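Peer 1: below are the sequence and a predicted model for it; my questions follow.
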Amino acid sequence: MRIVLDTNVVIDALASRAPWNAEAEEIFLMVSGCTRSLFIAVSILLLNIYQHIYKRRIRQSTQ
């Protein structure tokens, strides 16, 4: 089975965004059993990195 993840699923799992994080994390756990293939677009990873850096800068500027 092949699984292609949407941007929001990746963000939900990595950022622990409730209430969707439980289902998103379950998908990652299924793939860790090596019985399925997971595909994520490179643009999704870059978007997540950008958002993480942006949020950190906002937090630092408000302190």
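Peer 2: Looks like it arrived, so ask away.
Peer 1: center of the protein, which residue is that?
Peer 2: With the centre of the chain defined as its mean C-alpha position, the nearest residue by CA atoms, centre = their mean is residue 10, 2.2 Å away.
Peer 1: quick check: closest non-adjacent residue to that residue.
Peer 2: Nearest residue to residue 10, sequence neighbours excluded (CB to CB, 6 or more residues apart in numbering): residue 44, at 5.4 Å. No exception for glycine: its C-beta is placed from N, CA and C like everyone else's.
Peer 1: and for residue 28?
Peer 2: Using CB to CB, 6+ apart, the nearest residue to residue 28 is residue 13, at 5.6 Å.
Peer 1: ok so, going back, and the residue nearest to the centre of the chain, how far from residue 63?
Peer 2: Residue 10 is 28 Å from residue 63, where distance means CB to CB, to the nearest Å.
Peer 1: contact partners for residue 31?
Peer 2: Contact analysis of residue 31 by CB atoms under 8 Å, 6 or more residues apart in numbering lists 3, 37, 38.
Peer 1: what pairs with the last one across the strands?
Peer 2: Right, the one you point to is residue 38. residue 3 (DSSP bridges).
Peer 1: I figured residue 20 hits residue 12, correct?
Peer 2: Yes: contact criterion CB atoms under 8 Å: residue 20 and residue 12 qualify, at 4.2 Å.
Peer 1: ok, those two, which is more surrounded?
Peer 2: Taking neighbours as other CB atoms under 10 Å, residue 20 and residue 12 compare with residue 12 leading, 21 against 15.
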